[in-house]
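> Dropping the sequence and predicted coords here.
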Amino acid sequence: MTKMRTVDAAVLILEKEGATETFGLPGAAINPFYSAMRAHGGIRHTLARHVEGASHMADGYSRSAHGNIGVCLGTSGPAGTDMITGLYAAIADSVPILCITGQAPTHVLHKEDFQAIDIESIAKPVTKFAMTVLEPAQVPGAFQRAFQEMRTGRPGPVLIDLPINVQMAEIDFDIDTYEPLPVATPAATSAQANKVLDMLAASQHPLIVAGGGIFNADAADELVQLAELLDVPVVPTLMGWGAIPDDHPLMAGMVGIQTQHRYGNASFLESDFVLGIGNRWANRHTGDLETYRAGRTFVHIDIEPTQLGRIFAPDYGVVSDAKLALQALLDAARGRSAAGTLPDYSAWANECTARKGTMHRKTHFDNVPLKPQRVYEAMNTAFGEDTTYVSTIGLSQIQAAQMLHVFGPRRWINAGQAGPLGWTVPAALGVVRGKPDQKVVALSGDYDFQFMIEELAVGAQHNLPYVHVVVNNSYLGLIRQSQRGFDMDYQVSLAFDNINSPETNGYGVDHIKVAEGLGCKAIRVEQPDDLAPALANAQALAEEHRVPVIVEAILERVTNVSMGTSIASINEFEELAEASADAPTALTELQA
């Protein structure tokens with residue numbers, strides 16, 4: 001048996017488990033692990049500027065492709081606590097990332113030693129598995145279980161905490177006979193699939209709600225096949241956006257109280273049966289549950305048993321991996337199709353398709369300062385179907401989801417449930433790592449952008465090119481809009497006269513100078529007609545210099561974005577499209 005340090009064994013396990021993309025910051029208590037990575041030579045490391053940023057980079061990398069597991073590394077004490085937000089964002093959206101922290105020696109953990117903290121206890125609520133390894137011989141088993149936990153059932157993050165004396169200890173280990181632990185995957189039965197189809201067949205206006213579990217199961221192809229076989233329209237959730245391309249006739253639009261299409265909500269309100277697959281009935285999707293549920297039969301399929309009934313009791317629930325459930329449904333539906341017993345939903349499907357040619361929001365505004373709608377219109381024109389968008393939270397994310405277009409799986413990458421400000425920059429860098437030489441476009445409001453702006457230097461240092469559109473109204477816009485109900489606008493304005501940048505005209509932080517100081521390229525846009533050339537120039541600069549390129553659009557100070565508390569009562573604050581020229585990038589031409 002080969003004798004080696006525990007950290008050398010751990011790095012060999014990372015390689016065998018296929019997790020060779022790491023993001024982090026070295027430090028005294030994790031330096032033995034770094035020495036093992038250097039000696040191995042096959043683990044790529046991206047040096048972050050902030051440990052929270054490293055966790056978001058790992059998150060973005062994991063989300064970028066099926067099967068990816070990003071690894072984030074930090075030293076003892078504050079490095080681990082800094083990564084808690086990243087772990088929360090990952091577990092909230094069912095994303096597997098491996099967090100490895102250094103720790104003080106085991107014999108002083110109870111003595112308030114420098115940077116000694118019980119990170120295991122702190123991390124447990126936001127991980128599937130967290131462990132401080134106290135015995136060197138447990139290290140291989142801890143990593144083995146960690147990978148099994150990340151891949152089993154509803155995916156999620158894990159944390160392994162390694163005291164420095166445990167890292168330095170030697171153990172007997174044979175990587176040649178090490179094997180990943182088996183992953184149990186629940187599968188829908190034929191009987192369950194046929195019951196679901198029986199319930200669907202009893203309806204007149206069925207819909208399929210496709211959640212992020214579709215991507216976790218790599219099941220987008222099966223979803224589209226089932227929808228086409230049944231001729232049933234699909235409503236993707238925000239986390240499932242792209243599971244069916246936006247230009248597919250059966251893509252009925254998104255439903256919700258924020259990230260929604262007007263025609264999507266209208267079609268949902270006409271439905272009488274809803275089959276949810278890999279979704280969690282998130283409150284921004286459902287809004288008022290009484291309205292959402294009224295007059296509808298619900299079936300819920302999810303890999304995690306405790307998700308069934310968490311928000312409301314479905315009429316029927318199935319515990320299954322989304323891909324295996326869709327395959328069972330396809331088998332059952334093909335049998336019925338051959339027998340001629342599938343209902344004909346073509347009229348209903350055509351009705352939903354036709355509705356996509358109505359109820360458009362206006363995007364073509366010529367105002368100066370810019371209206372955000374015009375920015376998203378320009379993005380639709382500038383960026384092709386192969387674009388992957390990255391965004392997190394705020395009015396920018398909400399309105400972008402109402403107006404941008406997504407054409408395939410994992411081309412909309414979004415911190416959906418946690419929505420931490422600052423996530424977008426580091427996550428985009430992780431996505432670029434996971435999608436080399438592919439077009440990545442990030443979108444932020446000014447405050448999200450400022451939260452972790454220092455991570456732009458990582459993109460410049462490591463040559464991670466992408467375009468980052470910043471819609472700047474110098475406001476905490478979403479918070480300001482929610483303050484309207486309290487008759488106030490307090491401590492949400494980010495505007496000030498920057499004595500070093502009078503060219504910002506009181507909009508405060510000069511993002512152009514900051515971005516350039518961090519090694520990136522940046523363009524400021526103030527006129528509507530300048531958006532298209534700026535976005536084209538940004539793509540060329542990213543390709544030429546291999547760095548992030550910022551396009552800052554100077555917006556009107558106050559914007560209220562369409563939203564409400566019920567899918568039946570969305571407040572529209574802007575004029576709506578009356579002709580096709582009002583919404584020229586809509587995928588379906590506006591019908592008179």
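Received, thanks. Numbering: from 1, shown residues only.
> The stretch 201-350 of the chain: strands as residue ranges?
Per DSSP state E, counting those that start in this stretch, the stretch 201-350 of the chain carries strands over the ranges 206-210, 234-236, 273-277, 297-302, 316-319.
> and of the ones you listed, who's closest to residue 388?
When the strands of the stretch 201-350 of the chain are compared by Cβ to Cβ, strand 234-236 sits nearest residue 388, at 15.6 Å. C-beta here means a position set from N, CA and C on the backbone, and glycine is covered the same way.
> Just give the nearest non-adjacent residue to the residue nearest the centre of the chain, would you?
The residue lying closest to the centre of the chain (Cα atoms, centre = their mean) is residue 414, at 2.6 Å. Leaving aside its sequence neighbours, residue 414 sits nearest to residue 391 (Cβ to Cβ, 6 or more residues apart in numbering; 5.5 Å).
> returning to what we had before: looking at the strands of the stretch 201-350 of the chain, which is closest to residue 385?
Short answer: strand 234-236, nearest of the strands of the stretch 201-350 of the chain by Cβ to Cβ, at 15.9 Å.
> I'd like to know which elements the closest one is packed against.
Secondary-structure packing of strand 234-236 (3 or more Cβ pairs under 8 Å, 6 or more residues apart in numbering; DSSP states H and E): strand 206-210, helix 220-230, helix 262-270.
> winner for burial among those?
Mean neighbour count (mean count of other Cβ atoms under 10 Å) peaks for strand 206-210 among those, with a mean of 27.
> Was I right to think residue 579 contacts residue 590?
Yes. Residue 579 lies in contact with residue 590 (Cβ atoms under 8 Å); the separation is 6.4 Å.
> Go through the strands of the stretch 201-350 of the chain and name the closest to residue 191.
Here strand 316-319 is closest among the strands of the stretch 201-350 of the chain (Cβ to Cβ), at 10.2 Å.
> Now do that closest one: everything it contacts.
Outside strand 316-319, the residues that touch it by Cβ atoms under 8 Å, 6 or more residues apart in numbering are 186, 188, 192, 195-196, 199, 298-305, 308-309, 325.
> now swap in stretch 460-467 and tell me
46-47, 390, 428-429, 431-433, 440-442, 458-459, 518-520, 535, 538-539, 542-543, 545-549, 551.
> Which of the residues you listed fall within strands?
Among the contacts of stretch 460-467, DSSP state E puts 46, 47, 390, 440, 441, 442, 549, 551 in strands.
> Check which helix or strand the closest residue to the first one other than its chain neighbours maps to.
Right, residue 46. Spatial nearest neighbour of residue 46, excluding adjacent residues (Cβ to Cβ, 6+ apart): residue 23 at 4.7 Å. Using DSSP states H and E, the element containing residue 23 is strand 21-24.
> can you give me how far that strand is from the chain middle?
19 Å (Cα atoms, centre = their mean, to the nearest Å).
> same thing with stretch 65-78?
On Cα atoms, centre = their mean, the centre of stretch 65-78 falls 16 Å from the chain's centre.
> Flag every buried residue along it.
For stretch 65-78, a neighbour-count test (16 or more other Cβ atoms under 10 Å) marks 68, 69, 70, 71, 72, 73, 74, 75, 76, 77 as buried.
> Could you give the average pLDDT over stretch 71-80?
Per-residue pLDDT over stretch 71-80 has a mean of 96.
> Give me the below-cutoff pLDDT ranges for the protein.
Applying pLDDT under 70 to the chain flags residues 592.
> How about the contacts made by the residue nearest to residue 46?
45-46, 48, 53-55, 57-58, 61, 70-73, 430.
> ok, now with 7 Å
Applying Cβ atoms under 7 Å, 6 or more residues apart in numbering to residue 23 gives the contacts 46, 48, 54, 57, 58, 70, 72, 430.
> Give the burial count for the first one, as a bare number.
By other Cβ atoms under 10 Å, the residues close to residue 46 number 25.
> so who does residue 472 touch?
Residue 472 makes contact with 446, 507, 511, 552, 553, 554, 555, according to Cβ under 7 Å, 6+ apart.
> Against residue 105, how distant is the residue nearest to the second one when sequence neighbours are not counted?
Distance criterion Cβ to Cβ, 6+ apart; nearest residue to residue 507, sequence neighbours excluded, is residue 474 at 4.2 Å. Residue 474 is 49 Å from residue 105, where distance means Cβ to Cβ, to the nearest Å.
> rewinding a little: between the buried residues of stretch 65-78, which is nearest residue 132?
residue 76 (10.6 Å).
> Tell me the spacing between the residue nearest to that closest one when sequence neighbours are not counted and residue 86.
Leaving aside its chain neighbours, residue 76 sits nearest to residue 29 (3.8 Å; criterion: Cβ to Cβ, 6+ apart). Computed as Cβ to Cβ, the residue 29 to residue 86 distance reads 19 Å.
> So between those two, which is more surrounded?
Applying other Cβ under 10 Å to residue 29 and residue 86 shows that residue 86 carries more neighbours, namely 32 against 26.
> Pretty sure the more buried one sits against residue 57.
No. The criterion here is Cβ atoms under 7 Å, and residue 86 misses it with residue 57 at 8.6 Å.
> ok, residue 474 and residue 105, which is more surrounded?
residue 474 (21 against 17).
> What spatial separation is found between the more buried one and residue 240?
In this view, residue 474 and residue 240 are 33 Å apart by Cβ to Cβ.
> do residue 539 as well
From residue 539 to residue 240 the distance is 28 Å (Cβ to Cβ).
> Compare the two and say which one has the larger neighbour count.
Applying other Cβ under 10 Å to residue 539 and residue 240 shows that residue 240 carries more neighbours, namely 28 against 19.
> What are the neighbouring residues in contact with the more buried one?
Residue 240 touches 210, 211, 212, 214, 279, counting by Cβ under 7 Å, 6+ apart.
> Could you pull up the contacting residues of the closest residue to the second one other than its chain neighbours?
Yep, that's residue 211 we're talking about. Spatially, and ignoring its direct neighbours in sequence, residue 211 is nearest to residue 279 (2.7 Å; Cβ to Cβ, 6+ apart). By Cβ under 7 Å, 6+ apart, the contact list for residue 279 reads 209, 211, 213, 237, 240.
> pretty sure the fourth one contacts residue 286?
Translated: residue 237. No. Look at residue 237 against residue 286 with Cβ under 7 Å: they stay out of range, at 9.9 Å.
> Between these two, which has more neighbouring residues?
Per other Cβ under 10 Å, whichever of residue 237 and residue 286 has more neighbours is residue 237, with 27 against 22.
> give the contact list for the more buried one.
Contacts of residue 237 by Cβ under 7 Å, 6+ apart are 209, 210, 211, 212, 279, 282, 285.
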